[in-house]
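K.L.:
one predicted model, sequence on top.
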Amino acid sequence: MAHGEVVVGNPQRVVGPHEREAEVPRNNARILVAVIAAAGWAAIMRRVSFGNPYLELGPYAAIVLLVALMTDWRNLWPQLRVRYRLIGLGGAVGVATVLATYVAYDAAVALVPALEAPVLALYEEAGGESLATRLALVSVIIAAEEVLFRGAFFDYVRARRGTAVAAAASVIVYATVVGAEGSWIIVAIGLLMGGIWTLLKVRTGSLIPPLIAHLVWTPAVIILWPVV
């Protein structure tokens, strides 16, 4: 299979990511679910403010994930088809972004020492549960984010406005929603990392690489080995 190809519908037929735009059905239920889910997500983030969102967002994310997969299953399930090449790509990008984050943070703090305090505050207020609980909840949240923002929402916009508009819109909406709690740092991270994960989706036509990269970066940087 050539780079960037993905199976859609009939598993015997292979198409590239650009041809896939025409294959995506214009399912109006997809955007309705995406809008409602994103609004609820932002509301939760707004309500918890700088507190710990895991316990509240985790169960909600599980519901969003289930509903999205049920209402848009013809489009989403083929994008979750596991292939070793896609897993390897996602893992490599995930490790690279983790390492780059530590280097970039050290450089940023060296230039702007005041940056360390708000970053430390975010870490302190996101703790509380056991390590296993946080990892489990974050994994569910990540899966829901990928299916919602890089899956249902992205594909709906792309079927109508093209790849470039869909990519820009999904990154902006993602950063706005996850940053609804009020931290400009989270908005900036959402724009940067959301852009990287969206690029993986665009280049491969699959949700597996961004999902794996996201599952590597977030637990590593946010939970296991904080930058501060």
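P.N.:
Sure thing, it's come through. Numbering: from 1, shown residues only.
K.L.:
surely Val67 meets Gly40?
P.N.:
No - look at Val67 against Gly40 with CB atoms under 8 Å: they stay out of range, at 10.9 Å. Every C-beta, even on glycine, is put in place using the N, C-alpha and C of the backbone.
K.L.:
more neighbours, these two?
P.N.:
Each of Val67 and Gly40 has its neighbours counted (other CB atoms under 10 Å); Val67 has more, 18 against 15.
K.L.:
contact partners of stretch 219-228?
P.N.:
Stretch 219-228 has contacts (CB atoms under 8 Å, 6 or more residues apart in numbering) with 94, 98, 101-102, 105, 116, 119-120, 123, 126, 131, 134-135, 138-139.
K.L.:
now the buried members of those residues.
P.N.:
For the contacts of stretch 219-228, a burial check counting by 16 or more other CB atoms under 10 Å picks out 94, 98, 101, 105, 119, 126, 134-135, 138-139.
K.L.:
wait, which of the residues you listed is closest to Phe154?
P.N.:
Proximity of the buried ones among the contacts of stretch 219-228 to Phe154 (CB to CB) peaks at Gly94, which lies at 19.4 Å.
K.L.:
over to the nearest residue to that closest one once chain neighbours are set aside: give its phi and psi.
P.N.:
In this structure, Gly94 finds its nearest non-sequential neighbour in Val216, 2.6 Å apart by CB to CB, 6 or more residues apart in numbering. Backbone geometry at Val216, expressed as degrees, to the nearest 10, gives phi -80, psi -50.
K.L.:
could you export the buried ones among the contacts of stretch 219-228 as CSV, including secondary structure?
P.N.:
As requested, those are exported to CSV (DSSP: H, G, I helix; E, B strand; the rest coil):
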residue, secondary structure
Gly94, helix
Val98, helix
Thr101, helix
Tyr105, helix
Val119, helix
Ala126, coil
Arg134, helix
Leu135, helix
Val138, helix
Ser139, helix
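K.L.:
if we can go back for a sec, give me the distance between the residue nearest to Gly94 and Ala175.
P.N.:
Distance check for Val216 against Ala175: by CB to CB, to the nearest Å, it reads 20 Å.
K.L.:
identify the farthest-apart pair in the contacts of stretch 219-228.
P.N.:
Glu116 and Ser139 (28.1 Å).
K.L.:
from the buried ones among the contacts of stretch 219-228, which one has the minimum pLDDT?
P.N.:
Lowest pLDDT of those: Ala126, 69.
K.L.:
in this structure Thr97 contacts Trp217, no?
P.N.:
Yes - when contacts are counted by CB under 8 Å, Thr97 is listed as touching Trp217 (5.0 Å).
K.L.:
so how far is Leu211 from Trp41?
P.N.:
According to CB to CB, Trp41 and Leu211 sit 17 Å apart.
K.L.:
when these two are compared, which one has more neighbours?
P.N.:
With neighbours defined as other CB under 10 Å, Trp41 and Leu211 compare such that Leu211 has more, 27 against 24.
K.L.:
perfect, that will be all.
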